[in-house]
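Visitor: Fold the following for me, if possible:
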Amino acid sequence: VLSALPYDTWEGLSAGLYAPLASGGSVVLCRNLDLLGEDALAKRIESERVTSTAR
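Guide: Residues are numbered from 1 along each chain as shown. Have a look, this model is predicted:
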């Protein structure tokens, strides 16, 4: 999961921490994800082998 959600909300905790832990996945935390252009985001997703995003 590529997550840009903060951990101070239930949505951020469930999508960016609990779900990946429960399923044996991993989390890529990306601050300022909304500032990345489409090309940069696509490169990040490819380089980190992301299968899901939480924004």
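
Visitor: which residues of the chain fall in strands?
Guide: Assigned by DSSP state E, the chain shows strands spanning 2-3, 28-29, 53-54.

Visitor: Go through those strands and pick out the most buried.
Guide: Greatest average neighbour count among these goes to strand 2-3 (a mean of 21), per mean count of other C-beta atoms under 10 Å. Placement of C-beta: from N, CA and C, glycine included.

Visitor: In its sheet, which strands sit next to that strand, and in what direction?
Guide: Strand 2-3 pairs in its sheet with strand 28-29 (parallel), strand 53-54 (parallel), by DSSP bridges.

Visitor: Turn those into JSON lines, columns for mean pLDDT and distance to Ala22.
Guide: Putting the strands paired with strand 2-3 into JSON lines (pLDDT from 0 to 100; distance: least, C-beta to C-beta, whole Å) gives the following:
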{"stretch": "strand 28-29", "mean pLDDT": "84", "distance to Ala22": "17"}
{"stretch": "strand 53-54", "mean pLDDT": "83", "distance to Ala22": "14"}
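
Visitor: Nearest to Val1, out of the ones you listed?
Guide: strand 53-54 (5.7 Å; C-beta to C-beta).

Visitor: Sort out which residues of stretch 22-36 are buried, please.
Guide: Across stretch 22-36, burial judged by 16 or more other C-beta atoms under 10 Å covers 27-28, 30, 33.

Visitor: which of these lies closest to Glu46?
Guide: Distances from Glu46 to the buried residues of stretch 22-36, taken by C-beta to C-beta, are shortest for Val28, at 11.9 Å.
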